[in-house]
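Peer 1: Using only what follows, build the 3D model:
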Amino acid sequence: MAARIIYTHTDEAPLLATYSFLPIVSAYAAKAGVEVETRDISVASRILAQFGLADDALGELGELAKTPEANIVKLPNISASIPQLKAAIKELQTQGYQIPDYPEAPSTPEEEEIRAKYDKVKGSAVNPVLREGNSDRRAPGSVKAYAKAHPHTNKPFSDDSQTTVATMGARDFKSNEKSVTIPADDTLSIVLEKADGETVTLLAELPVLEGEIVDATYMSVANLHAFLENALAKAKADDVLFSLHLKATMMKVSDPIIFGHVVKAYFKDVFEKYGADLQAAGLSANDGLGAILSGLSGLEKGAEIEAAIKAAIAAGPRLSYVNSDKGITNLHVPSDVIIDASIPALVRNGGKLWGVDGGEDDTLAVIPDSSYAGVYQTVIDDVKKNGPLDPATIGTVPNVGLMAQKAEEYGSHDKTFEISAAGTVRVLNKAGDVLIEHDVEVGDIWRACQTKDIPVRDWVKLAVSRARDSKTPAIFWLDESRAHDASLIAKVTKYLADTSIVGDTEGADIKILSPELATAYSLERLRNGEDTISVTGNVLRDYNTDLFPILEVGTSAKMLSIVPLIAGGGLFETGAGGSAPKHVQQLVEEDYLRWDSLGEFFALVPAFEKYAEQASAPAAKVLAGALDRATATFLENDRSPGRKLGTTDNRGSHFYLGLYWAQELAAQTEDTELAAAFKGLAETLAANEAKIVEELLAVQGKPADIGGYYLPDAEKVTAVMRPSATLNEAIDSL
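Peer 2: Numbers count the residues shown, from 1 in each chain. Coordinates of the predicted model:
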């Protein structure tokens with residue numbers, strides 16, 4: 001297979017930015033003989049692929065990721081919640097695609113099949129397929145240097161701050177967890193034995209490998225209700241904002257259900273009186289308050305229910321708001337408040353979120369499951385005691401994350417169930433032996449996950465090599481009192497002692513600490529200007545790679561994220577997409593895109609280096625080196641998108657990156673032919689800087705038509721994202 005770089009088309013702001021940036025990348029790469037191809041893994045494309053209306057690009061890339069030839073640049077994509085999935089389906093239908101509605105409650109085999117197809121698209125469906133390796137994610141040196149020279153503000157907590165975390169701690173996923181390590185290849189099954197003796201098969205076949213860790217747990221819905229009742233009462237009594245923090249995208253089965261329970265708890269009187277009406281209309285609390293409100297117009301009692309909802313908000317604890325100008329509360333949409341971004345933002349803002357009037361106030365941050373709630377409480381306690389972290393002086397906390405082969409994919413797959421009847425859930429091996437069992441009640445949320453042995457070995461090896469090479473302590477964030485972590489600690493301890501796996505550990509400072517202790521230890525070193533590698537499982541990897549970057553450099557979108565694939569290829573991720581929806585909204589309203597493509601600049605450097613290795617192509621390495629230097633200049637000159645109209649936006653940032661990259665290529669001496677090829681372009685771009693900037697700024701301030709949100713019109717987006725004729729001519733003529 002010929003070497004090539006696969007550049008992914010995804011969704012929202014990253015997709016729009018691709019229309020501006022990829023022509024530059026492709027032109028520069030082609031001049032160096034580097035082949036760049038694209039694959040569409042957007043939520044719209046994935047929906048269409050399920051019904052044979054588009055190529056299964058994700059499936060193709062999933063197979064490629066298992067080969068040494070893989071070289072994939074992966075941009076942030078939508079991890080679709082149910083409301084987002086329904087919105088994408090509706091848009092595609094209006095564009096003429098013959099696809100069925102999402103069956104909320106399938107009642108026929110055909111509807112079951114349709115639901116199964118859509119279930120393959122929702123939630124974190126992309127990352128588990130592509131991540132056939134573990135994660136090495138860190139802030140590039142140039143980003144840290146910029147943050148130190150131009151520090152953002154982390155606000156202090158007030159002396160009387162009441163902001164705190166509320167979590168269950170009992171009969172939740174953490175406390176109910178059980179774990180086993182599989183002694184030999186096997187096929188497991190999951191069954192529910194009801195109290196009346198009937199046995200229901202929840203999952204008939206679950207293949208497992210020798211050495212694989214299998215975990216199972218459940219959240220008691222009765223305890224959840226009691227916890228929520230107390231949390232609502234506390235927020236009301238303390239007169240603080242009530243805010244819910246979940247991961248309804250990655251935990252695509254469990255967390256939307258929990259979200260629905262919170263909506264029902266807050267609007268308890270409304271659901272007691274009108275629950276049957278809402279259910280009959282297909283309006284589910286799991287989809288959020290926004291979906292309910294938008295569906296009331298067709299109900300006979302719609303106005304009455306809306307009035308009851310408004311009365312409940314007025315009488316209940318004050319809600320935090322995602323957008324007070326538009327009346328969007330914390331409970332409107334399950335995918336609007338994602339814990340890994342929302343809690344760090346709260347910490348940055350001095351422990352305050354926003355109320356109905358847009359004013360800031362202290363909050364009760366509700367995180368039902370206690371698995372990692374203690375991490376966030378530890379951060380809040382530290383900042384209250386020691387003051388805000390100073391980006392100008394602090395160290396950094398990079399991450400080595402266990403995620404290969406769907407490791408620890410809790411809640412985002414077919415092993416999560418809302419229990420239909422009281423009884424006992426059992427995990428059985430092929431011989432019929434019970435490996436794990438839980439007594440459950442109606443409505444409890446039961447889930448299992450797998451972690452294969454090879455990814456664990458690779459993870460330990462990667463952690464040791466990073467600690468040794470960077471001379472930085474590495475901390476495994478594992479709690480011996482938690483069942484899954486105890487199983488992992490046994491493996492980590494074993495592999496750390498095996499030099500045939502990890503090599504020479506001399507000089508590698510390795511510790512194992514609980515997440516809370518690891519947080520405190522890392523924060524202490526951070527304040528001293530020292531670096532500490534966090535070595536974590538998959539979910540905590542997701543949290544930490546937002547938490548620390550947001551506090552250190554103001555955003556998680558500027559990280560270098562390298563995934564050395566186990567088979568030998570490379571996956572290069574380009575940052576987080578949490579703010580992408582707001583950026584699209586601004587573009588459509590004002591033709592201004594604030595999205596920062598810096599993560600793509602960073603990811604392309606190792607991608608070109610990987611190509612040079614795969615294709616024995618020295619010119620690709622020259623491209624990489626020039627891009628790395630150009631990105632440093634880009635940061636020094638502060639060419640990232642501004643925050644308001646009249647300043648450089650995403651398109652202008654691409655122009656400046658292209659200018660600096662061309663200048664670096666023209667000035668380098670490693671490849672004189674390549675230098676000559678870029679000399680003219682560098683001169684043209686520099687000579688026409690003022691004209692190009694003027695053309696890019698001229699379009700700002702009026703609405704932009706992109707022809708769709710989930711599947712925009714390519715021709716329209718190209719026109720919007722490439723408005724400078726002078727720049728286009730210079731790039732296209734290369």
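
Peer 1: other SSEs contacting the helix or strand bottoming out on mean pLDDT in the chain?
Peer 2: Across the helices and strands of the chain, mean confidence by mean pLDDT, DSSP states H and E is lowest for helix 499-502: a mean of 86. Helix 499-502 sits against helix 453-470, helix 483-496, with contacts defined as 3 or more CB pairs under 8 Å, 6 or more residues apart in numbering; DSSP states H and E. No exception for glycine: its C-beta is placed from N, CA and C like everyone else's.

Peer 1: after it comes which helix or strand?
Peer 2: Later in the chain than helix 499-502, the nearest helix or strand by DSSP states H and E is strand 510-513.

Peer 1: Which positions in that next one come out as buried?
Peer 2: Ile510, Ile512, Leu513 (16 or more other CB atoms under 10 Å).

Peer 1: So which of the residues you listed is the closest to Glu112?
Peer 2: Distances from Glu112 to the buried residues of strand 510-513, taken as CB to CB, are shortest for Ile512 (44.6 Å).

Peer 1: Report how many residues lie close to the closest residue to the closest one other than its chain neighbours.
Peer 2: The shortest distance from Ile512 to any non-neighbouring residue, by CB to CB, 6 or more residues apart in numbering, is to Phe476 (4.5 Å). Neighbour count of Phe476, defined by other CB atoms under 10 Å: 25.

Peer 1: Using TSV, lay out the helices and strands packed on helix 499-502 together with distance to Val427 and mean neighbour count.
Peer 2: Listed next are these as TSV, based on distance: least, CB to CB, whole Å; neighbours: other CB atoms under 10 Å:
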stretch	distance to Val427	mean neighbour count
helix 453-470	18	21
helix 483-496	13	19
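
Peer 1: Show me the one of the ones you listed that comes nearest Glu670.
Peer 2: Going by CB to CB, the one of the helices and strands packed on helix 499-502 nearest Glu670 is helix 453-470, 24.8 Å.

Peer 1: quick one, the closest one and helix 483-496 angle?
Peer 2: Calculated by axes from the mean of the first three to the mean of the last three CA atoms, to 10 degrees, helix 453-470 forms an angle of 60 degrees with helix 483-496.

Peer 1: elements contacting helix 453-470?
Peer 2: Counting by 3+ CB pairs under 8 Å, 6+ apart, helix 453-470 packs on strand 399-401, strand 474-477, helix 483-496, helix 499-502, strand 510-513, strand 533-536.

Peer 1: one more time with 6 Å, if that's ok
Peer 2: Using 3 or more CB pairs under 6 Å, 6 or more residues apart in numbering; DSSP states H and E, the elements in contact with helix 453-470 are strand 399-401, helix 483-496, helix 499-502.

Peer 1: now it, how far from the chain's geometric center?
Peer 2: Averaged C-alpha coordinates place helix 453-470 at 23 Å from its chain's average position (CA atoms, centre = their mean, to the nearest Å).

Peer 1: Sketch out the low-pLDDT regions of the protein for me.
Peer 2: Residue ranges of the chain with pLDDT under 70: 410-412, 576-580.

Peer 1: related to what we said a few turns ago, and the helices and strands packed on helix 499-502: which comes nearest Glu437?
Peer 2: Once those are compared by CB to CB, helix 483-496 is nearest, at 13.4 Å.

Peer 1: before we move on, back to that, how about the buried residues of strand 510-513 in JSON lines, adding distance to Gln93?
Peer 2: Output for the buried residues of strand 510-513, formatted as JSON lines (distance: CB to CB, whole Å):
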{"residue": "Ile510", "distance to Gln93": "54"}
{"residue": "Ile512", "distance to Gln93": "52"}
{"residue": "Leu513", "distance to Gln93": "51"}
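
Peer 1: one step back: show me what the least confident helix or strand of the chain is in contact with.
Peer 2: The contact list for helix 499-502, computed with CB atoms under 6 Å, 6 or more residues apart in numbering, reads Arg457, Lys461, Val464, Tyr495.

Peer 1: From Leu540, how far out is the residue nearest to Ile512?
Peer 2: Plainly put, Phe476 is 11 Å away from Leu540 if you go by CB to CB, to the nearest Å.
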